[in-house]
Structures are given as structure tokens and as C-alpha cells.
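Trainee: how would this look folded up:
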Amino acid sequence: MTTPLHETTLASKPSGDVLAIRGGRPLHGRVDVKGAKNLATKAMVATLLGETASTLRDVPDLSDVAVVRSLLEVHGVRVTEGDEPGALIFDPSDVESAHFEEIDAHAGASRIPILFCGPLLHRLGQAFIPDLGGCRIGDRPIDFHLDALRKFGAVVEKLPSGIRLSAPNGLKGANIHLPYPSVGATEQVLLTAVRAQGQTELRNAAIEPEIMDLIAVLQKMGAIISYEPNRVILIEGVETLRGYDHRSIFDRNEAASWACAALATDGEIFVGGAKQQEMLTFLNVFRKAGGWFDVREDGILFRRDGELKPVIVETDVHPGFMTDWQQPLVVALTQARGRSVVHETVYENRMGFTAALVKMGADIVVHPHGLQDGPRRVARRDLEQAAVITGPTPLHAADIVVPDLRGGYSHVIAALTATGESKVSGVDILSRGYEKFLDKLTALGADFDVIG
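Mentor: Numbering: from 1, shown residues only. Model (predicted):
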């Protein structure tokens, strides 16, 4: 399981950009979502595997994308603008090794460098990763990745400055069973297995739409990958791969975030580029909570359908309710009549953002070890937390500091829902996952100023 980079409690002091938000006005208008960050960044890494140039379309203008682009360029990949807005061309013909210092300087707090390992081992026979431990990524996700790479035949050396990997005998197919259907570990196996000698069987794989889109990218490159029942993926290694031309799947996390903003502020938002199929689970919960939506050819229209209703939600891996969806939904549930319960079963520490909502007047009680009673669809996990939200509670303005990407978005929506002027600090982190976020707020009629 990959621990989120910024899943912490509220910071002790403001940092980054500050928004002065005057709330109490519904959001109305249209926003458009582009390619999913969780696909684009991984498809960019996949360009290292090709012998020819690749073109990726609908690439969102996000800080995470900029980090991956810099890391590719550090390794010698030539990145240029494509023939349409949001298109990038990646030429890997001059790939070379990079120093720890260069990788560390460009990676920052990103966990992307770990995914470079398989492609670089195939390409160069070695890979280097700066220290990604501690609060930046945590030990367990690194172990998931390193255990998988060892099974392919990689030799892992942990050094004071980071990790060195080599493949003196090349990489060979392996049988891998993930203890949890981790998205990051599944991506690692896919990016490594496609050029490993022989067949790889991956069991208990993540099957998120972004994973399936990455498989489509790799298949375009010449990979042989089949998805079997019960989360099993089979990969037959090939000697060489070519470049690809691919348009990214839309960002369903951003689409759901704007849908929750319409629900919380009692507004109406059309999300251009959103598609029904990848959001079925979200749409069901949205409707149960009192939302109304209209699926159209070019997007989905979201608004309330009368009074909001309480719901019980359990986050889970796909096809369950995504953990990234629960945080903005919790803001809307503060306005629902009755008691809602959100069981967080994916990440250990994703309820810290609720402290700011309580400060703004919400009635939210977090149970740090989950709730034992009640019928469950998702099996209870030792790490889970639960939030009980009782509403409706009018929200009032407050000065708050964002803790992470989705929590930060939720704080902004809470400030837009609240009466009075709130100051929300640290919103620069939203550039990791929301393209042109402030422009979109303006287009929806939000009343705010940037003061830092």
C-alpha cells in the first residue's frame, strides 16, 4: 500500500499561497478535466522502455507532471511540445545514468523515482534512487516495490544516500502475489515485466481504470499483457518495445471533486470530459446523498436534488469507492440531514483534514481505530479510521492550513460553503492535482483573492 505523501494533521503554521475566500455563494458554470495525473505520470515513465519516440496527449499542466518531465530529462530523454495543446513528445534515444544529487533535486517529495527502476534496469542495467524514506514515502511501499524487483532478479543495495539497483544477469519473469492490490506496486510490476525474459504472473493486482489505461499504453508499445479474472495479470516479456501515441484517460478524481463542490455549495457544475463508466461507484453514492446528475456526450452535469441525505461509505480499491473521493464528499455531508459514516480502509491517516471542518462548525467525530459494529461490504482492516458526520451544520469562516492534496481541495470547498471570509494557507499544493485551479474557481463564480 502506498502511503500518501501529505497525509498528516494540520500544519502548525501557514505555508505557500494563501487564499482569502468569501463563502456562502453557490458555484455555477463549467470546468473541463484533462488527462488523469495518475495515468500521465506513469505513461511518461513508460517512454523509457521504447526504442522510438512516444506522444502523450491531454497531459495536464501539474507540478507532478513537471517533476516527472524533469526526471526524464535528467536521464537524457528529450521532451518537446506536440502538435496540439497538452501533447508532449518523448525521445528516449539518448537515455543515460543520472547522479543521486540530480535525481533528488528534481524529485523533491515525489514517489515517482521508484517507478523508474524497472525501465532503467532494462535500459542501462542499473538504477539509483535517492532516500525516499521517513515522512516522504514510508517503508512499506518501498518494500512492496523492492520485493517485486528482487523477484525479477534485481540486486538491491541500500546505501546511506539512497538505493542502488543492478541486474547483472538481466531481469526474468516472476510469479508475484501482492499482499494488497497496491496501485504503485502493480505499476512497478507492469513497467518491469514487459521486457523481462519469460512470463510474469501478477496476482492480487490493482485494476483501477488508470492501470488499464497504462496496460493499453504498453500494449501499443508492443507488450503482451492479458487481464484474467480475480485480479490476475499475465505479462509475456518481449525483447524490444517501440514508442506510442496515446490520449490519456480523463481525471476521475478531479471530476468527482467538482461534483462534490456542486453538492456542498448547492450549485450546478458541468464537468467537461467526465465519463460515466469510470465513475459508476461515485455516481451511485452521489445520488444516494441527494445529488442529481445528467450524463452527456461531452461531460456530466452535477447539482443537488433537494435536501442532502446521510450516507454510509466505505473506501476501497477499484471498483470500490475511491479514497480520493471521500474527502470532498465529507464537506458536502456536513450539510446533509442526519448521521453519515465514512469508513476509510485504504490509508491510515486520511482523516486529519476534518479538524479544520470542525473548527468551521462541522459536527465530525473521528474514530482513529474505526468502528467495530454494523454491516460492512468492505472487510474491516486494522489500519482503518472512521468519521461520523452529523448534520446539517452551518459552516462559518476560519483560518485554516491545508494538509494534503485532496484535503486541501476539501478545505477550499468548505471555505466556499461557509459564511464569512476564510483564509486558507498552503493551497500551492493543489497544483499537484488540479490544473488551473484558481482559473476554474473564477469561472465558477467563486469570490476570493490570492494574498500570499
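Trainee: Would you mark the buried spots in the worst-scoring helix or strand of the chain on mean pLDDT?
Mentor: When the helices and strands of the chain are scored by mean pLDDT, DSSP states H and E, helix 100-107 comes last with a mean of 74. Within helix 100-107, the residues scored as buried using 16 or more other CB atoms under 10 Å are 100, 102-104, 106-107. Glycine gets a C-beta too; all of them are placed from N, C-alpha and C.
Trainee: And that helix, what does it pack against?
Mentor: helix 63-74, strand 126-130 (3 or more CB pairs under 8 Å, 6 or more residues apart in numbering; DSSP states H and E).
Trainee: can you pull the buried residues of the following helix or strand past the last one?
Mentor: Same thing as strand 126-130. Next in sequence after strand 126-130, counting helices and strands by DSSP states H and E, comes helix 139-151. Across helix 139-151, burial judged by 16+ other CB under 10 Å covers 141-142, 144-146, 148-149, 151.
Trainee: Report the inter-axis angle for helix 139-151 versus strand 126-130.
Mentor: With axes from the mean of the first three to the mean of the last three CA atoms, to 10 degrees defining the directions, helix 139-151 sits at 170 degrees from strand 126-130.
Trainee: Val155 - nearest residue in space that isn't next to it in sequence?
Mentor: Nearest residue to Val155, sequence neighbours excluded (CB to CB, 6 or more residues apart in numbering): Ser166, at 4.9 Å.
Trainee: Which strand residues bridge the one you found?
Mentor: Note on Ser166: beta-bridge partners by DSSP bridges are Gln126, Val155.
Trainee: Next up, the contacts around it.
Mentor: 121, 125-127, 154-155, 157 (CB atoms under 8 Å, 6 or more residues apart in numbering).
Trainee: quick one: Lys423 is in a strand?
Mentor: Yes: judged by DSSP: H, G, I helix; E, B strand; the rest coil, Lys423 forms part of a strand.
Trainee: who are the neighbours in contact with it?
Mentor: 14, 18-21, 399-400, 451.
Trainee: now do 7 Å
Mentor: Applying CB atoms under 7 Å, 6 or more residues apart in numbering, we find Lys423 in contact with 18, 20, 399.
Trainee: Among those residues, which one has the most neighbours?
Mentor: Among the contacts of Lys423, Val18 has the most neighbours (other CB atoms under 10 Å), with 19 neighbours.
Trainee: That one and Ile451 touch, don't they?
Mentor: Yes: between Val18 and Ile451 there is a contact at 5.0 Å, judged by CB atoms under 7 Å.
Trainee: any shared contact partners between these two?
Mentor: Counting by CB under 7 Å, 6+ apart, nothing touches both Val18 and Ile451.
Trainee: State the number of residues packed around Ala43.
Mentor: 27.
Trainee: likewise Pro92?
Mentor: Residues near Pro92, counting by other CB under 10 Å: 23.
Trainee: Check the one 4 residues further on too.
Mentor: Here the neighbour count serves as a burial measure; for Glu96 (other CB under 10 Å) it reads 11.
Trainee: which SS class is it?
Mentor: coil.
Trainee: quick one, what contacts it?
Mentor: Contacts for Glu96 were tallied using CB under 7 Å, 6+ apart; they are 75-76.
Trainee: For it, give me phi and psi.
Mentor: phi -150, psi 170 (degrees, to the nearest 10).
Trainee: Would you point out the most distant pair within the buried residues of helix 100-107?
Mentor: For these, the maximum inter-member distance is 11.3 Å, found between Phe100 and His106 (CB to CB).
Trainee: how much space between Ile451 and Ser422?
Mentor: Ile451 sits 12 Å away from Ser422, going by CB to CB, to the nearest Å.
Trainee: Looking at the two, which has the bigger crowd around it?
Mentor: A direct count of neighbours by other CB under 10 Å for Ile451 and Ser422 places Ser422 higher, at 26 against 10.
Trainee: now the residue of the chain most remote from its centre, what's its secondary structure?
Mentor: Residue farthest from the centre of the chain, counting by CA atoms, centre = their mean, is Asn169 at 34.5 Å. Here Asn169 is coil, with the state taken from three-state DSSP.
Trainee: so it sits right up against Val155, yeah?
Mentor: No: in this structure, Asn169 is not within contact of Val155 by CB under 7 Å, at 9.0 Å.
Trainee: how about His106, what does it touch?
Mentor: Counted by CB under 7 Å, 6+ apart, His106 has contacts 67, 70-71, 74.
Trainee: Try it again at 6 Å.
Mentor: 70-71, 74 (CB atoms under 6 Å, 6 or more residues apart in numbering).
Trainee: And for Ala167?
Mentor: With CB under 6 Å, 6+ apart, Ala167 has these contacts: 121, 125, 153-154.
Trainee: in the sheet, who's paired with the residue lying closest to Val378 once chain neighbours are set aside?
Mentor: Nearest residue to Val378 in three dimensions, chain neighbours excluded: Glu314, at 4.2 Å (CB to CB, 6+ apart). Note on Glu314: beta-bridge partners His343, judged by DSSP bridges.
Trainee: returning to that earlier point: quick one: which of the contacts of Ser166 is most hemmed in?
Mentor: Ala127 leads those on contacts (other CB under 10 Å) with 27 neighbours.
Trainee: ok, for that one, nearest residue in space, not its chain neighbours?
Mentor: Closest to Ala127 by CB to CB, 6+ apart is Leu120, at 3.9 Å.
Trainee: Taking their axis directions, the host helix or strand of that neighbour and helix 139-151 sit at what angle?
Mentor: Element membership for Leu120 (DSSP H and E) is helix 117-124. With the same axes, to 10 degrees applied, the angle from helix 117-124 to helix 139-151 works out at 40 degrees.
Trainee: Now do helix 117-124: which elements does it pack against?
Mentor: Under the contact definition 3 or more CB pairs under 6 Å, 6 or more residues apart in numbering; DSSP states H and E, helix 117-124 sits against strand 126-130, helix 183-193.
Trainee: Distance check, Gly320 against Ala379.
Mentor: From Gly320 to Ala379 the distance is 11 Å (CB to CB).
Trainee: no, scratch that, I was asking about Lys151
Mentor: 27 Å.
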